[in-house]
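Engineer: Whatever this is, show me its structure:
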Amino acid sequence: MGDSGRRGPGEQGSGADTLSFSWPEGFDSGPVPGGPKVVVLGGGHGLSVALQAAREYAGSIAAIVSVADDGGSSGRLRRALDVPPPGDLRRAIGALAAEASLWPEVLEHRFATGELEGHTVGNLMLVGLVDALGSITAACAELGRVAGALGNVYPATMDAVTLRAEVAGEIVDGQVAIQQAAARGRVRAVQLLPTDPPAVPAALGAIMEADQVVIGPGSLFTSVVASVVVPEIRAAIALTPGRVVLVANVAPEHPETRDLDGTDHLLAVLEHRVRVDTFLYDRTGLLSVNEAFVFEHGVMPVGADLGADGGGRHDPRRLAKALADLQ
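Structural biologist: Down below sits the predicted model:
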């Protein structure tokens, strides 16, 4: 991968991934004066950890979030109101909320009884703002403003999408269904339905302006790959002058990544034609990495201490140090 396939600004690719070069500014001012412009892509709890890490060293932050979720509160709201699933967007806004703010706790508060059982305050606020303002991008911007978010949060696509993958030789549709089907075999060929959903222009602008693009960590196929297979997003990643860093998970996720080691995590992303310059992994974690094999695929392997005490997840401060050291 590396830089071998990159094109100059303004050039169009010959395949399905094409990119318009007209977009609004993708960044607001950020937490660390003079720090790099950092874009983080993914979804779920892994994206929240990466955003917490970015707050430690980034001059400005943009989160680009998968909107393929179809389970839990997000799935219920998506089906009932025909809106993009708000859950991962809510988590990202909470991770960037102002320091010492009550907003992370407020956004994550989940109702335990009644008709709202299972829904979070943040999910309901976002879908209410979509209804009032007319778009999920405007809703994220307004909730981010209210929460004092230290950065911008963008959905990866303008509309909700359905995740499709091949699992054990069968076509499976839906994020939850793919996660469950992974117990039967390897997940491959992840794509979105519709196949060419429009990306948010400001998200593309943020990627093109970035000094560092961070992909992951998180659920490998249903969050990480789901966020980067949007054709325009993938094209912007291929063209950005910034360094593209894939952050490996520190432990397997069953059943989605059963029997996969750290090297397999990287190969899964490369198989989806996504550029990766640096593969950052936990050198003391449970997922082994063959550095020579990674290097042979045009990617620089970098091992660091990333895991939290007790194992199984990333420590945001350790991840922040490792990412800052790559600048």
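
Engineer: so where is this protein shaky, pLDDT-wise?
Structural biologist: Applying pLDDT under 70 to the chain picks out residues 1-30.

Engineer: Now do the helices in it.
Structural biologist: For the chain, the helices defined by DSSP state H occupy 44-54, 72-81, 87-96, 103-108, 121-133, 136-147, 175-181, 201-209, 226-228, 231-239, 262-270, 291-296, 316-325.

Engineer: just how off-centre is the second one within its chain?
Structural biologist: Relative to its parent chain, helix 72-81 has a centroid offset of 20 Å by CA atoms, centre = their mean, to the nearest Å.

Engineer: got the angle for it vs helix 87-96?
Structural biologist: Helix 72-81 and helix 87-96 meet at an angle of 130 degrees, taking axes from the mean of the first three to the mean of the last three CA atoms, to 10 degrees as the criterion.

Engineer: ok, back up a step: output the helices of the chain in TSV; the columns should cover distance to L193.
Structural biologist: Glycine gets a C-beta too; all of them are placed from N, C-alpha and C. Shown next, in TSV, are those (distance: least, CB to CB, whole Å):
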stretch	distance to L193
helix 44-54	20
helix 72-81	14
helix 87-96	18
helix 103-108	29
helix 121-133	21
helix 136-147	18
helix 175-181	12
helix 201-209	20
helix 226-228	12
helix 231-239	13
helix 262-270	20
helix 291-296	32
helix 316-325	32
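
Engineer: These: which one's closest to L280?
Structural biologist: Comparison of the helices of the chain against L280 by CB to CB identifies helix 316-325 as nearest, at 5.9 Å.

Engineer: helices or strands next to the closest one in the packing?
Structural biologist: Applying 3 or more CB pairs under 8 Å, 6 or more residues apart in numbering; DSSP states H and E, one finds that helix 316-325 contacts helix 44-54, strand 243-247, strand 300-304.

Engineer: Mind doing that once more with 6 Å?
Structural biologist: When contacts are defined as 3 or more CB pairs under 6 Å, 6 or more residues apart in numbering; DSSP states H and E, helix 316-325 packs onto helix 44-54.

Engineer: sorry, back to before: nearest to T284, out of the helices of the chain?
Structural biologist: helix 316-325 (10.8 Å).

Engineer: what's in contact with that closest one?
Structural biologist: For helix 316-325, contacts defined as CB atoms under 6 Å, 6 or more residues apart in numbering pick out V49, Q52, A53, E56, Y57, L280, A304, D305, L306.

Engineer: now the angle between helix 87-96 and that helix, please.
Structural biologist: Using the same axes, to 10 degrees, helix 316-325 lies at 80 degrees relative to helix 87-96.

Engineer: buried stuff in helix 316-325?
Structural biologist: Using 16 or more other CB atoms under 10 Å as the test for burial, helix 316-325 gives P316, R318, L319, A320, K321, A322, L323, A324.

Engineer: you'd agree S223 is up against G42?
Structural biologist: Yes. Between S223 and G42 there is a contact under CB atoms under 6 Å: 5.3 Å.

Engineer: ok, back up a step: for the contacts of helix 316-325, which one is nearest C140?
Structural biologist: Closest approach to C140 among the contacts of helix 316-325 (CB to CB): Q52, at 18.0 Å.

Engineer: In contact with the closest one, which residues are there?
Structural biologist: Q52 touches A95, P316, counting by CB under 6 Å, 6+ apart.

Engineer: quick one: it and H314, what's the gap?
Structural biologist: Separation of Q52 from H314 (CB to CB, to the nearest Å) stands at 9 Å.

Engineer: Same list, the contacts of helix 316-325, but as a markdown table with distance to R110 please.
Structural biologist: Output for the contacts of helix 316-325, formatted as a markdown table (distance: CB to CB, whole Å):
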| residue | distance to R110 |
| --- | --- |
| V49 | 20 |
| Q52 | 20 |
| A53 | 25 |
| E56 | 28 |
| Y57 | 31 |
| L280 | 32 |
| A304 | 34 |
| D305 | 33 |
| L306 | 29 |
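
Engineer: Going through these, which ones are buried?
Structural biologist: By 16+ other CB under 10 Å, the contacts of helix 316-325 give V49, Q52, A53, E56, Y57, L280, A304, L306 as buried.

Engineer: Spatially central residue in the protein, please.
Structural biologist: The centre of the chain sits closest to G42, judged by CA atoms, centre = their mean, with a distance of 1.0 Å.

Engineer: burial of the nearest residue to that one once chain neighbours are set aside, as a residue count?
Structural biologist: Leaving aside its sequence neighbours, G42 sits nearest to G218 (CB to CB, 6 or more residues apart in numbering; 4.5 Å). Using other CB atoms under 10 Å, G218 is surrounded by 28 other residues.

Engineer: list the contacts for G218?
Structural biologist: Going by CB under 6 Å, 6+ apart, the list of residues near G218 reads G42, G43, G44, G46, L47, V224.
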